[in-house]
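*Asks:* next one to model:
(one chain, ligands or ions: 2)
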Amino acid sequence: MTDSPSTPDFKGAWERVRERLKGDLGDATFASWVRPLAIATTSPDRVVISAPSRFVRDWVTSHYSTRIGELWRGEGVRTVEFAIREAAAVDPSDRTRDHRREALQDTGSDLSAPLDPRFRFESFVVGKPNELAYAAARRVAESPTVPFNPLFLYGGVGLGKTHLMHAIAWHIREANPTRKVVYLSAEKFMYQFIRALRFKDVMAFKQQFRSVDVLMIDDVQFISGKDSTQEEFFHTFNALVDHNRQIVISGDRSPSDLDGMEERMRSRLGWGLVADIHATDYELRVGILQAKVEQSGARDVPGRVLEFLAHRITSNVRELEGALNRVLAYSNLVGRSISLEMTQEVLKDLLRANDRRISIEDIQKRVAEHYNIRLADMHSPRRARAVARPRQVAMYLAKQLTTRSLPEIGRKFGGRDHTTVMHAVRKIEELRATDSGLAEDIDLLKRMLEG
Ligand code: ADP
Ligand code: MG
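*Replies:* Ligands and ions are numbered 1, 2, ... in the order given. Model prediction:
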């Protein structure tokens with residue numbers, strides 16, 4: 001089949017458009033934003049370009065669509081649209097050979113996920129809870145050698161792990177564009193690996209990963225449990241360390257607490273520097289809010305409002321940022337200046353949710369009171385039934401009413417192992433079904449805690 005004269009050669013045209021863009025944007029920007037793009041569909045005067053995620057699509061649309069449109073018009077295509085690529089690997093059944101070829105090319109060029117342009121060292125506010133992680137990240141970014149391997153950053157959601165990883169990647173890419181920096185979520189890593197398996201392309205997969213200078217894997221807890229991916233991750237990891245390449249990993253808990261991960265991997269992950277990002281404190285929250293207000297260009301946000309937010313939104317930085325953005329957007333939209341009253345009104349539901357959050361300490365206190373034992377017995381090694389059972393009840397409630405993981409719960413109960421917590425949860429579940437007195441106790445405690 002040959003193209004009629006009026007039908008452009010889309011492949012060739014796309015190559016030329018990409019070449020021009022590379023010249024316009026420079027290698028690093030090109031690699032982050034243009035390389036992940038692909039042609040999705042075409043018709044004689046229209047082309048749809050697909051991006052791997054909403055984020056990339058939006059960014060490309062707002063920053064480069066004019067230029068990309070111009071270049072395509074130079075190729076005789078009038079309309080250019082941007083779409084989000086469907087997650088093709090989820091449904092292997094309807095793949096054609098063309099898809100397959102595209103997918104393989106994709107793996108080759110699109111190893112790293114794009115970096116968020118806002119996540120820089122300059123925009124990261126440093127305070128006591130994150131100073132170690134920040135210092136370690138900077139060291140990794142600035143050091144000409146590998147200062148510690150791996151750097152393992154861990155902490156709860158929304159506390160800045162991804163921000164710091166992107167900041168490292170930006171810094172290295174800019175300071176030294178020849179260093180190959182690959183940043184990936186653990187999920188994406190798994191997805192790439194599974195795809196390589198499916199296309200019988202594991203060799204190429206390995207080679208690609210083993211040729212990187214800096215490998216960053218975000219949210220490593222998601223690799224837990226998936227045996228073959230874990231195996232591959234372990235080998236990739238070792239190969240890179242042996243060749244003195246930098247590895248940066250993040251997780252929601254410390255390496256030793258990564259249940260579902262093989263012991264050898266857990267211990268390997270702890271060999272370098274393990275830096276904990278703690279929950280924010282009040283000072284840090286105020287500092288972050290001030291920085292965000294400054295970045296947003298908004299004027300006259302009263303100090304009282306920032307202090308109020310810092311007092312009330314304590315969960316994590318993402319929610320804090322979200323709350324501030326809502327207030328800014330609202331004031332912008334209705335054209336009213338920001339006041340404490342307006343803030344409370346706009347954030348009513350969010351504030352309520354933050355108030356409702358139940359802590360493990362609350363649970364321990366209530367349960368201890370209810371059973372008339374000492375609070376210290378929640379942490380003590382005593383095994384007498386009179387204290388052990390209430391302790392199990394408290395563990396059970398902690399699992400039910402908070403989002404804490406088993407290891408986290410164990411830690412709050414005098415450093416117990418997560419298997420102890422699991423055992424307690426099962427035991428109480430069992431007893432609830434047979435012991436109506438206990439079932440009533442639990443219902444009562446639940447109501448009090450939730451009330
Ligand atoms: P995590 O990966 O730990 O879940 P993120 O790195 O995605 O968290 O951070 C969530 C949001 O909070 C991001 O918008 C990030 O920029 C912001 N953030 C977190 N910590 C800080 C900080 N110390 N200074 C400025 N912004 C921060
Ligand atoms: Mg993250």
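*Asks:* near ligand 1, which residues of the chain show up?
*Replies:* Residues of the chain found near ligand 1 (CB under 6 Å from any ligand atom) are 119, 123-125, 130, 155, 157-163, 288, 317-318, 321. Just so you know, the C-beta spots here come from the backbone N, C-alpha and C atoms, and that holds for glycine as well.
*Asks:* for ChimeraX, write a command that selects the buried ones of those.
*Replies:* A single ChimeraX command selects the buried members of the residues of the chain next to ligand 1 (16 or more other CB atoms under 10 Å):
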select :119,124,125,130,155,158,159,160,161,162,163,288,317
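*Asks:* state the helix or strand in which the residue of the stretch 51-200 of the chain found nearest ligand 2 lies.
*Replies:* As assessed by CB to the ion, ligand 2 sits closest to residue 162 within the stretch 51-200 of the chain, at 3.2 Å. In this structure, residue 162 sits in helix 161-175 according to DSSP states H and E.
*Asks:* now swap in residue 72 and tell me
*Replies:* Short version, using DSSP H and E: residue 72 is in helix 54-74.
*Asks:* so what does the following helix or strand past that helix touch, helix or strand wise?
*Replies:* Note on helix 54-74: by DSSP H and E, the next helix or strand toward the C-terminus is strand 79-84. Applying 3 or more CB pairs under 8 Å, 6 or more residues apart in numbering; DSSP states H and E, we find strand 79-84 packed against strand 46-51, helix 54-74.
*Asks:* for the first one, what is the distance to the chain centroid?
*Replies:* If you compare the mean C-alpha spot of strand 46-51 with that of the full chain, they lie 28 Å apart, counting by CA atoms, centre = their mean, to the nearest Å.
*Asks:* that one pairs with which strands?
*Replies:* If you go by DSSP bridges, strand 46-51 pairs up with strand 38-43 (antiparallel), strand 79-84 (parallel).
*Asks:* a markdown table please, covering these and showing mean pLDDT, mean neighbour count and distance to residue 332.
*Replies:* Listed next are the strands paired with strand 46-51 as a markdown table, based on pLDDT from 0 to 100; neighbours: other CB atoms under 10 Å; distance: least, CB to CB, whole Å:
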| stretch | mean pLDDT | mean neighbour count | distance to residue 332 |
| --- | --- | --- | --- |
| strand 38-43 | 87 | 15 | 35 |
| strand 79-84 | 88 | 15 | 27 |
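*Asks:* okay, the ones you listed in JSON lines with distance to residue 26 next?
*Replies:* What follows is these, written out as JSON lines (distance: least, CB to CB, whole Å):
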{"stretch": "strand 38-43", "distance to residue 26": "21"}
{"stretch": "strand 79-84", "distance to residue 26": "21"}
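*Asks:* now those strands in a markdown table, with distance to ligand 2?
*Replies:* A markdown table is the format used below for those (distance: least, CB to the ion, whole Å):
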| stretch | distance to ligand 2 |
| --- | --- |
| strand 38-43 | 26 |
| strand 79-84 | 20 |
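*Asks:* any idea which of the ones you listed gets closest to residue 312?
*Replies:* With distances scored as CB to CB, the stretch of the strands paired with strand 46-51 nearest to residue 312 is strand 79-84 (35.4 Å).
*Asks:* contact partners of that closest one?
*Replies:* Under the contact criterion CB atoms under 8 Å, 6 or more residues apart in numbering, strand 79-84 has outside partners 40, 45-54, 57, 60-61, 65, 68-69, 72.
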